[in-house]
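A.B. asks: Kindly return the folded structure for what I paste below:
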Amino acid sequence: MHLTKKAISERIKEIDVVIELLDARLPGSSANPMLAELTGAKPALKVLNKQDLADPARTAPWLAHYNSLPGTRAIGLDASMSTPAKALIEACHALAPSRGSMVKPMRVLICGIPNVGKSTLINTFTGKRATKTGDEAGITKLEQRIVLADGFYLWDTPGMLWPRIIVAKSGYNLAASGAIGRNAFEEEEVALELLDYLIPHYPEMLEARYKLKLAPGVTDEQLLEEIGRKRGAVLSKGRINLQKAAEIVIYEFRAATLGRITLETPEEFAQWLAAGQKIDAERQVKKDLIETNRLIKFKKIPRPAKPDEA
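C.D. replies: Residues are numbered from 1 along each chain as shown. Presented below is the predicted three-dimensional model:
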C-alpha cells in the first residue's frame, strides 16, 4: 500500500484524469476514500465495472449519484465487452477536452481496489495479455504505462485498500466480492452477513437458486443451515458443515449464479458511512484521552490545574 500511495502521489502531478474502477455490486464500499486525498481536484471518471453481475435497477441510481458530483463522470462497463475503450476515451475527453492529441496527449491514471477487474479490463483494451489476471486480490504488483490510443496514455497501478475500514458493512461486502484475501476474514461470518442482506432484498433469487421457501422471520443462521442441507454439506449425525455452506453462498454470489445482485444503494451507503464516521470519531476522542493521560503520567506534559488550584 505504501508503494502504491507513493507511486500515485508522484504520478498525479502530470495526470489529466483519474479513473477509479468500482465494483458495480458495491459501488460505495469499493470506492477508496484515500484516493480523493491523493488525487486532489483532478477530474474523476468513476467506472462501475462488472455491471453484468450487478442489479441494473440499482446501477442506474449509482451512476446518477456519481454523475451529480462536481468534476466527475460515471459510466458502467463489463470487462468482457469487446469495445469498452471507446466509451472510456470519450468520457475522459469530456472531462479534459483540451487533451488527447499527440501534442497534448491525454494522461490517465487508473486505480481501484484489488480484484475489481482492472487487469482484465486493460487486457480487453489492448487486445493482448498486457497484465496478469486472476480471481484473487493483489495480482498487479507494479505501475505500468499502456498506450490505449494515439495521444492517450494509461497508467495502471496495483490495487490498493485503505488501512482501516470504518464502515463495518463495507468490510463484509468487500470480503464477499473477493477484494479482501481469504486469510483476513471468516467465510461463515461473511456468508451470514450476505444472507442477512439478501433475505429482505432478494428473497426470490434465494428461493429459486436453493429450491426452498423462505419462512417468515427466517434468520441468516437458519438459512445457511438449510442451504447446507440442500447442497449435501452434511457431517456425521446430521450436523451441517457451515464452512462448506458458507463457501457455496460466497462463490455463487461472486459468480452471479444467484442472480444479478447489488449489495448497497447510495442512500444505504450514506447511512452506513455516517454511522461509521461517528463511531470512528468517538474512538479517536478516547484514543486521544488515553494518550493525554499517558503523557501526564510520565510528566511529558503538565497536568491541567484543578479549579481550586488556579
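A.B. asks: helices and strands of the chain: which one bottoms out on pLDDT?
C.D. replies: helix 2-11 (a mean of 76; mean pLDDT, DSSP states H and E).
A.B. asks: next helix or strand past it?
C.D. replies: Using DSSP states H and E, the next helix or strand after helix 2-11 towards the C-terminus is strand 17-23.
A.B. asks: other SSEs contacting the very next helix or strand once past that following strand?
C.D. replies: Going down the chain from strand 17-23, the next helix or strand is helix 33-39, by DSSP H and E. Packing contacts for helix 33-39, counted by 3 or more CB pairs under 8 Å, 6 or more residues apart in numbering; DSSP states H and E, involve helix 2-11, strand 17-23. C-beta: built from backbone N, CA, C; applies to glycine.
A.B. asks: now the strands: where do they sit in the stretch 1-150 of the chain?
C.D. replies: With strands called from DSSP state E, counting those that start in this stretch, the stretch 1-150 of the chain shows them at 17-23, 44-49, 72-76, 106-112, 144-149.
A.B. asks: closest one to Ser29 among those strands?
C.D. replies: strand 17-23 (7.8 Å; CB to CB).
A.B. asks: For the helix or strand that contains Gln243, give me every contacting residue.
C.D. replies: With secondary structure defined by DSSP H and E, Gln243 is part of helix 242-254. By CB atoms under 8 Å, 6 or more residues apart in numbering, the surrounding residues in contact with helix 242-254 are 135, 176-178, 187-188, 190-192, 194-195, 209, 224-225, 227-228, 231, 233, 258, 261.
A.B. asks: ok, back up a step: any idea which of the helices and strands packed on helix 33-39 is most buried?
C.D. replies: Mean neighbour count (mean count of other CB atoms under 10 Å) peaks for strand 17-23 among these, with a mean of 26.
A.B. asks: and that one, how far out from the chain's middle?
C.D. replies: 11 Å (CA atoms, centre = their mean, to the nearest Å).
A.B. asks: ok, back up a step: any buried residues in the helix holding Gln243, and which?
C.D. replies: 242, 244-250, 252-254 (16 or more other CB atoms under 10 Å).
A.B. asks: mean confidence for whichever helix or strand comes after it?
C.D. replies: Per DSSP H and E, helix 242-254 leads on to helix 266-297 as the next helix or strand towards the C-terminus. Mean per-residue pLDDT for helix 266-297: 87.
A.B. asks: that older thread, and the contacts of helix 242-254, which of them are buried?
C.D. replies: Here, 16+ other CB under 10 Å leaves 176-178, 187-188, 190-192, 194-195, 209, 224-225, 227-228, 231, 233, 258, 261 buried among those.
A.B. asks: List the ones among these that fall in helices.
C.D. replies: 176-177, 187-188, 190-192, 194-195, 209, 224-225, 227-228 (DSSP state H).
A.B. asks: From Thr39, how far off is Lys13?
C.D. replies: 11 Å (CB to CB, to the nearest Å).
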